[in-house]
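> Predicted structure and sequence below. I'll ask about it afterward.
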Amino acid sequence: MVKTPSGAALAPRLLRAARRELLDTGRLSVEALDEGLSRSWLRSRDFGLDPVGRPPGAPHASAAQLRRALERQHELVAHARPVMEDLFEQTRDSDGLVILADAQGLLLGALGDGRFVDRAQRVALRPGAIWDERWRGTNAIGTALAEQRPVAVLGGEHFLERNAFLSCTAAPIRDPQGRVLGVLDISGEQRGFQRHTLALVRSAARMVEHRLFQTRHADGLRLQIHLQPEGLGTPTEGLLALSDDGWILGCNAAAQGWLGTEAARPSPLEALLPLRWTELMDWARDGGDGARLLRREDGPPLWLRLDAPRGWRRPAPAARRDGAAVVDVEVTRPAAPEPTPATEQAPASTTPDALQWLDLGDAAMHQAVTRARRVLDKPIPLLLQGESGVGKDLFARAIHDSGPRRGHAYVAVNCAALPESLIEAELFGYRPGAFTGASRDGAQGRLREAHGGTLFLDEIGDMPLPLQARLLRVLQDRQVQPLGGGPAVAVDFQLIGASHRPLRQLVAQGLFREDLYYRLNGLTLCLPPLRERQDLPMLLARLLAAIEPARRVELDPSLARELMAYRWPGNVRQLEQALRIACALMEPGESVIRRGHLPDDLVEDLDQGAPLPIPVLLPERPGADGAEASHEFARAGSGRSTPPAMLRDQSRAHARRVLADCGGNHSEAARRLGIGRNTLYRLLKA
Ligand SMILES: Nc1ncnc2c1ncn2[C@@H]1O[C@H](COP(=O)(O)OP(=O)(O)OP(=O)(O)O)[C@@H](O)[C@H]1O
């Protein structure tokens, strides 16, 4: 936490002297300062910020950009708003502001009505401004994000002296998967700071997290846990969300702490609690009322309460992954609010885990998973669209594994990987001796192999037109005619097509049959590119755990932030590959991935792409970087297919213009660009 050991800020004079020393000598008298504050000051210095000079041109969202950010974060905003109103009432007398920021430090909303609001406006403490440390130096919002924990930054502890009149406390808000979604902050005049504010903001953030968890897992069975029975039902309780076959799908921070686990990966109930799923079902069948004490060998006893939505019903008996039988149970709960409208309810599904596993908290992925679930048991063809490497193949497999055909074959064919002459035989099969080079025994073909199961046609946009006609016939007649003749054979499969090329556009260009397009497109699911995903931290943790199951590997925090701002042209595949290489390059004793471990081309991109992290935002001071520059940034931000060389050229040209604007002052130019001086030199030379 950013505070002195005594919990109070040091005298302004001492803080100023310590900062001066840091800038003059590069040394920080750490004995005098709290560790978190020291780290943040060092970061602020490395960003090239000057505590007393002109403030750097921090980006500021336009009204439309802010609107879009609010739309993206509507779930967070909806749950935070009532909590913020409550906080505002509690802190009204001390004339402060209650602020909500997103995970990039973009201020989404603020509540306040006193004199302080005017002063706050003058330092851009208002919606649309970005309080990332990169531009504002040490401050509660930016520092809470960088340190990923609650912080108080009092008066002169702010790196920029213009902010020294502020005292701010902030706590991160995490989503049900544990990734930071945003920050709740209370800011006020330094004089008005009250010691309990940090505790207040921390418990308010917990309350928002609690509401997010309840909403995200509204349809399934939940367990409440606490060390004391009185804690059950309060925002301090631990929450576990369970799948219909006894797997823990979600686990809030309190539960993670008590159970010594992480929320990243679903695990069976029995792996975390000394409680069998069948016992829990018996309890549920008996009404599931009251609280129970659960004694554990590896930790303090926990109180446990069952929380099932009204009418929650265990779906039809199905084999569990561990082979244990499950029973059909309906839980009768006391009267509760009417269930959410039918369109919002997830359908009953026996093993939601394969799809659930992909739902790490990104809104677009969540929507794709929810929609896929709704049609799992229906004969509706699915079309997956998304850039190469976003996980279409994995998603198709998860649909199969979560649906009623999971006990049958999953047959994947990459239509782009085979020459036209072979695809036909591969898909439709052939009779013995049907063509030169054919096997003597013939082949039944992939379509027939998929009978009863799922056929996944990857890169279906690359299927040659004559084959499209044949495939269409199969889909219409539900029969396959092998090459070389012979009787037609009935087939029945779930069809999933995928393409990184927009099929609709191919239809317009005459490259894809319109009638086949409509046959395939029962429901289109669009998987988001990695750069737009909001769940990168969770994905990183997931991939690292898979690559290095035997040791705990972490990313250097500043590198993690860079990776989050990177554009990932190769999507999850590129990320996975980069992490594999990094893990391979680490020395045996190392556990933190740093830049030096990454593939060279990625490091090069990170260096050269450094001005791009927040490309779509306008500079706060219009005169500073100029409208032209911001348009260029905006173009770079939206130019998905812009090749790296072009991006480099654009970035270099932009850097040169900013440098010229700064009269050749490299430090000032680096500050305005939001990059380090060395990166600027490299960028100019590139
Ligand atoms: N959510 C995820 N969790 C873990 N790994 C993932 C996830 N999504 C994708 N991957 C990994 O990323 C890689 C690329 O995924 P996949 O092959 O499914 O992408 P794709 O969209 O089908 O690519 P292409 O269009 O090039 O065929 C795979 O190694 C896959 O395991």
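Cool, the structure landed. Owing to the predicted nature of the structure, the values given are computational and were not obtained by experimental measurement.
> ok, Ser38 to Ala450 distance?
According to CB to CB, to the nearest Å, Ser38 stands 61 Å off from Ala450. To be clear about C-beta, it is placed using only N, CA and C from the backbone, and glycine gets the same treatment.
> So these two - more neighbours on which side?
For Ser38 versus Ala450, the count of surrounding residues by other CB atoms under 10 Å is larger for Ala450: 25 against 19.
> was I right about that one contacting Phe493?
Yes: Ala450 lies in contact with Phe493 (CB atoms under 8 Å); the separation is 4.1 Å.
> tell me, what's touching those two both at once?
Shared contacts of Ala450 and Phe493, defined by CB atoms under 8 Å, 6 or more residues apart in numbering, comprise Val411.
> residues in contact with stretch 90-101?
With CB under 8 Å, 6+ apart as the criterion, stretch 90-101 contacts 76-77, 80, 84, 87-88, 107-117, 120, 125, 131, 141, 145, 170, 182-189, 192, 194, 197, 200.
> Would you mind checking those for buried ones?
If you count burial by 16 or more other CB atoms under 10 Å, the buried members of the contacts of stretch 90-101 come out as 76-77, 80, 84, 87-88, 107-112, 114, 116-117, 120, 125, 131, 141, 145, 170, 182-189, 197, 200.
> Let's see which of those end up in helices.
Among the buried ones among the contacts of stretch 90-101, the members falling in helices (DSSP state H) are 76-77, 80, 84, 87-88, 116-117, 120, 141, 145, 197, 200.
> Next, format those as JSON lines and append distance to the ligand.
Putting those into JSON lines (distance: CB to the nearest ligand atom, whole Å) gives the following:
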{"residue": "Leu76", "distance to the ligand": "22"}
{"residue": "Val77", "distance to the ligand": "26"}
{"residue": "Ala80", "distance to the ligand": "27"}
{"residue": "Met84", "distance to the ligand": "32"}
{"residue": "Leu87", "distance to the ligand": "35"}
{"residue": "Phe88", "distance to the ligand": "38"}
{"residue": "Phe116", "distance to the ligand": "44"}
{"residue": "Val117", "distance to the ligand": "43"}
{"residue": "Ala120", "distance to the ligand": "40"}
{"residue": "Ile141", "distance to the ligand": "29"}
{"residue": "Leu145", "distance to the ligand": "24"}
{"residue": "Thr197", "distance to the ligand": "39"}
{"residue": "Leu200", "distance to the ligand": "37"}
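> Quickly check these for the two that are furthest apart.
Leu76 and Phe116 (24.5 Å; CB to CB).
> how about Asp458, what does it touch?
Asp458 neighbours (CB under 8 Å, 6+ apart): 392-393, 396, 412-416, 498-499.
> Please repeat the previous calculation with a cut-off of 6 Å.
If you count contacts by CB atoms under 6 Å, 6 or more residues apart in numbering, Asp458 has them with 414, 498.
> Just want the phi and psi numbers for it.
phi -80, psi 150 (degrees, to the nearest 10).
> Identify the bridge partners of it.
Beta-bridge pairing for Asp458 (DSSP bridges): Asn414.
> Chain neighbours aside, what residue packs nearest to the residue in the stretch 51-200 of the chain positioned nearest to the ligand?
As assessed by CB to the nearest ligand atom, the ligand sits closest to Gln177 within the stretch 51-200 of the chain, at 11.9 Å. Among residues not flanking Gln177 along the chain, Gly361 sits closest, at 4.5 Å (CB to CB, 6 or more residues apart in numbering).
> ok, that neighbour - contacts?
The neighbours of Gly361, taking CB under 6 Å, 6+ apart as the test, are 175, 177, 179, 535, 538.
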